[in-house]
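Engineer: Have a look at this fold, sequence not included:
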């Protein structure tokens, strides 16, 4: 069973897109610091055009917890979250935690 965390955000009007991408890279680096395997950044090409999605995939719930528990407790991660709110560069649209279900 695989887990995937998705974080969807929308750049605010007039935002510096380079700064938005750099903020997402910094967030991905924090996930990776705590053991997340290969976070990925996506640009939405259909539907919610202009949004970006940061995804992180895990083999199972245990692997997810091993990363998210220390990540959530990391003061650097909390400062990163606060700086994103303060910058006003983007709006958090939603977060999803998905669990893969077997089809066979």
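Structural biologist: Yep, it's here. Just so it is clear, the structure is predicted and the values come from calculations on it, not from any experiment.
Engineer: what about the longest helix in this structure?
Structural biologist: helix 17-33 (DSSP state H).
Engineer: Quick one: mean pLDDT for it?
Structural biologist: For helix 17-33, mean pLDDT rounds to 95.
Engineer: Going along the chain, name the strands of this structure.
Structural biologist: 3-11, 40-43, 52-58, 90-99 (DSSP state E).
Engineer: hey, which of these is tucked in deepest?
Structural biologist: strand 52-58 (a mean of 20; mean count of other C-beta atoms under 10 Å). All C-beta spots, glycine's among them, are computed from the backbone N, C-alpha and C.
Engineer: just checking, what packs against it?
Structural biologist: If contacts are counted by 3 or more C-beta pairs under 8 Å, 6 or more residues apart in numbering; DSSP states H and E, strand 52-58 sits against strand 3-11, helix 17-33, strand 40-43, helix 61-73.
Engineer: thinking again about what came up before, nearest to residue 32, of the strands of the chain?
Structural biologist: strand 52-58 (8.9 Å; C-beta to C-beta).
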